[in-house]
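Undergrad: Kindly generate the corresponding structure for this input.
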Amino acid sequence: MRVVIFSGTTEGRELSAQTASMGAETVVCVATEYGRMIQEHIPNTQTLSGRMDACEMAQVLHGADLCIDATHPYAKEASRNIRMAAQQAEVPCHRLLRRESTLPSGCIVVDCAEQAACVLQETQGNILLTTGAKELGAFSALERQRLYPRILPVQESLAACEAMKIPRGNLIAMQGPFSYELNSALIQQFSIRWLVTKDGGAAGGFEEKVRAAEKNGVQMVVIRRPKEDGESYETILEMCKEMMG
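TA: Predicted structure coming up:
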C-alpha cells in the first residue's frame, strides 16, 4: 500500500511512523524546510517539502492508495487543495481531525486574526502573539512595542517579523509546544497582559497556555477553529491497519 500524508503536525508524524512500521510505502508532504527536518527523523518514510498547489499535489498522489490530510486545523487553504488533488487523482482522502479544546470561560473568541487585532486596538498592555508568523500582518495597526510574537526559529518567520519592524528584543523564536512553566515565565518576563492564540488542542499546548494565562491574570483572545468534517487519529490508524490486511 502506498499512502501519502500531508502533514506538519504531531499527529501526522505519529501516523507516518505507524504506517511505515506496518510496511506501507509512506510519503509525507510538509510545507516548510523546518517541517522536513523534524519529519526526516521518522524512519522508513519519504519526505517531500515545499508548498504545493492542487495540481502538484495530484502528481504526488498519482498511484497512491490513500491520501490523509493531517495538516494544521487552521490550514484551510491547504485542506481545500488536498481535497481537490485527491479528487483529481481519484484517491480516497481522509481528514485527520485534532480534538478540539474546551475554551475557558472569560476568554474573548473571534473568527480571525483581523478581528483579534480590532479587539486589541481598544486596549493597553503587551500582547503575546502565538498565532504564527503568517498571521503577523493582521496586527499591523497595533503599536510594535506592544507585540511579542512567538515564532518558529526559522528564517521565514524572522523575516516576517523584520518586515513588520517588530523590535528584535520582542521576538521569541522557539519550537513548541510549551509547558505551563515556560508560558508563565514568558508572560512574567515580558509583562504580558493579552495572549492571542488558536485552539491548537492538546498537541499544540493549548491547555498549558490557558493555565498560564489564568495564573498570571492575562486575558486570552482565541481565534475560533474552522468547522470541518473528518475522523480521529485512532479511526484513521485502524483504517490503515485494515487496508494493510
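Undergrad: Surely residue 186 is in contact with residue 150?
TA: Yes: taking C-beta atoms under 8 Å as the definition, residue 186 is a contact partner of residue 150 at 7.5 Å. C-beta here means a position set from N, CA and C on the backbone, and glycine is covered the same way.
Undergrad: Now do the shared contacts for these two.
TA: Here residue 186 and residue 150 have 128, 172 as joint contacts, going by C-beta atoms under 8 Å, 6 or more residues apart in numbering.
Undergrad: Residue 13 versus residue 131, what's the distance?
TA: From residue 131 across to residue 13, the span is 22 Å (C-beta to C-beta, to the nearest Å).
Undergrad: Please name the residues that touch residue 65.
TA: Contact partners of residue 65, counting by C-beta under 8 Å, 6+ apart, are 1-3, 91-92, 243.
Undergrad: please redo it, this time with the cut-off set to 7 Å
TA: Residue 65 makes contacts with 1-3, 243, as judged by C-beta atoms under 7 Å, 6 or more residues apart in numbering.
Undergrad: same for the lowest-mean-pLDDT helix or strand in the chain, what does it pack against?
TA: In the chain, the helix or strand scored least confidently by mean pLDDT, DSSP states H and E is helix 33-39, which has a mean of 88. Judged by 3 or more C-beta pairs under 7 Å, 6 or more residues apart in numbering; DSSP states H and E, the packing partners of helix 33-39 are strand 25-30, strand 45-49.
Undergrad: tell me which residues in it are buried?
TA: Along helix 33-39, these residues count as buried under the neighbour rule (16 or more other C-beta atoms under 10 Å): 34-36, 38-39.
Undergrad: so which of those residues comes closest to residue 180?
TA: Closest to residue 180 out of the buried residues of helix 33-39 is residue 38 (23.0 Å), distances taken as C-beta to C-beta.
Undergrad: ok, for that closest one, nearest residue in space, not its chain neighbours?
TA: In space, residue 38 comes closest to residue 13 once its chain neighbours are excluded; the distance is 6.8 Å by C-beta to C-beta, 6 or more residues apart in numbering.
Undergrad: Just give me the neighbour total for the one you found.
TA: 21 (other C-beta atoms under 10 Å).
Undergrad: same question, residue 9
TA: Neighbour count for residue 9, taken as other C-beta under 10 Å: 23.
Undergrad: How much space separates it from residue 52?
TA: 17 Å.
Undergrad: likewise residue 4?
TA: Note on residue 4: its distance to residue 52, by C-beta to C-beta, is 11 Å.
Undergrad: Repeat that for residue 91.
TA: Taken as C-beta to C-beta, the span from residue 91 to residue 52 is 15 Å.
Undergrad: This completes my enquiry, with thanks.
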